[in-house]
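**Student:** I would like to see how this sequence folds:
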Amino acid sequence: MSDKMQVLYIEQTGHILAAFTRVADADSLTDIKTILGDGLLVHNLKSIPSAAGTAGETLFVPLDQLKVKVVKLNPGAFFAPLGFVVNGGEASELGNVKPSTPSLTVNDIKITITTAVSEATNVWVQIQENNPPPGDEPKRRVMSGQITPVSSTSTGKDVTLTLRLRPNSPPASIPKKEFDILALVAGEKPLFARLTPP
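**Tutor:** Okay, here's the model as predicted:
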């Protein structure tokens, strides 16, 4: 077995979503489109109560949001990839701190952390419709931004992101339905949530 592995991660925050090894040519990057097709299914194994039941949140992260990197082998990243982040040539384990439950409206989402940041901190969020009508593609939004240090316009603990189909695309509101959320803040554990905008 190789002493290296490849990880699929979100470049904005470094969070690892999946990890795998290759016996042959371990140093060359895999063409992730060959493996994933259009994207990666990410499922939260924890049961989070919601109006629709207790199933964990499931999101399909689009291929254009993922990067692949060769890093030093870390077996823990195979069992719980969402607890790790790309750190140079390694997969480093994150602590237990994670964002608070987001605040979702039909137009934006507010991500809040516990301690004010001392430097700009990257954030990446995806929301996806839970239980779309049969045969329909779920409504999905992907946003990115930064929590900035305390100033006259910032508490240093939160950021409100306008809902968009992809980062830097035009605003795209959502209906008042139940959505699964994956929120990533650099340096913190991922947060899953299931919310309905008011």
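**Student:** could you identify the helix or strand that succeeds the lowest-mean-pLDDT helix or strand in the chain?
**Tutor:** Lowest by mean pLDDT, DSSP states H and E among the helices and strands of the chain is helix 32-36, with a mean of 81. Sequence order places strand 39-43 as the next helix or strand after helix 32-36, per DSSP states H and E.
**Student:** quick one on the thing from earlier: buried sites along the least confident helix or strand of the chain?
**Tutor:** For helix 32-36, a neighbour-count test (16 or more other CB atoms under 10 Å) marks 32, 36 as buried. Bear in mind the C-beta positions are built from the backbone N, C-alpha and C, glycine included.
**Student:** what lies in contact with that helix?
**Tutor:** The contact list for helix 32-36 (CB atoms under 8 Å, 6 or more residues apart in numbering) reads 8, 63, 66, 68.
**Student:** put the alpha carbons of it into CSV.
**Tutor:** The C-alpha trace of helix 32-36 is given here as CSV (Å, rounded to 0.1, in the frame of the first residue of the first chain):
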residue,chain,number,x,y,z
ILE,A,32,-12.0,13.1,-10.7
LYS,A,33,-14.6,13.4,-13.5
THR,A,34,-13.8,9.8,-14.4
ILE,A,35,-14.6,8.7,-10.8
LEU,A,36,-17.4,11.1,-9.8
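**Student:** now do it: distance to the chain's middle.
**Tutor:** Helix 32-36 sits 19 Å away from the centroid of its parent chain (CA atoms, centre = their mean, to the nearest Å).
**Student:** do the same with stretch 104-124
**Tutor:** Computed by CA atoms, centre = their mean, the chain-centroid distance of stretch 104-124 equals 13 Å.
**Student:** end to end, how far does that stretch reach?
**Tutor:** Stretch 104-124 stretches 15 Å from its first residue to its last (CA to CA, to the nearest Å).
**Student:** how about stretch 146-154?
**Tutor:** OK, stretch 146-154 end separation, CA to CA: 11 Å.
**Student:** mean confidence score for that stretch?
**Tutor:** Stretch 146-154 shows a mean pLDDT of 94.
**Student:** same check, this time on stretch 131-141
**Tutor:** 92.
**Student:** now do that stretch: everything it contacts.
**Tutor:** With CB under 8 Å, 6+ apart as the contact definition, stretch 131-141 has outside contacts at 52, 59-60, 62, 126-130, 163-165, 172, 174-175, 177-179.
**Student:** again, only this time at 7 Å
**Tutor:** Contacting residues not belonging to stretch 131-141 are listed as 52, 126-129, 163-165, 172, 174, 178 [CB atoms under 7 Å, 6 or more residues apart in numbering].
**Student:** and the two most separated of those residues?
**Tutor:** Ala52 and Arg164 (25.2 Å; CB to CB).
**Student:** of the two, who's got more company?
**Tutor:** Arg164 (17 against 11; other CB atoms under 10 Å).
**Student:** separation between that one and Val68?
**Tutor:** Plainly put, Arg164 is 24 Å away from Val68 if you go by CB to CB, to the nearest Å.
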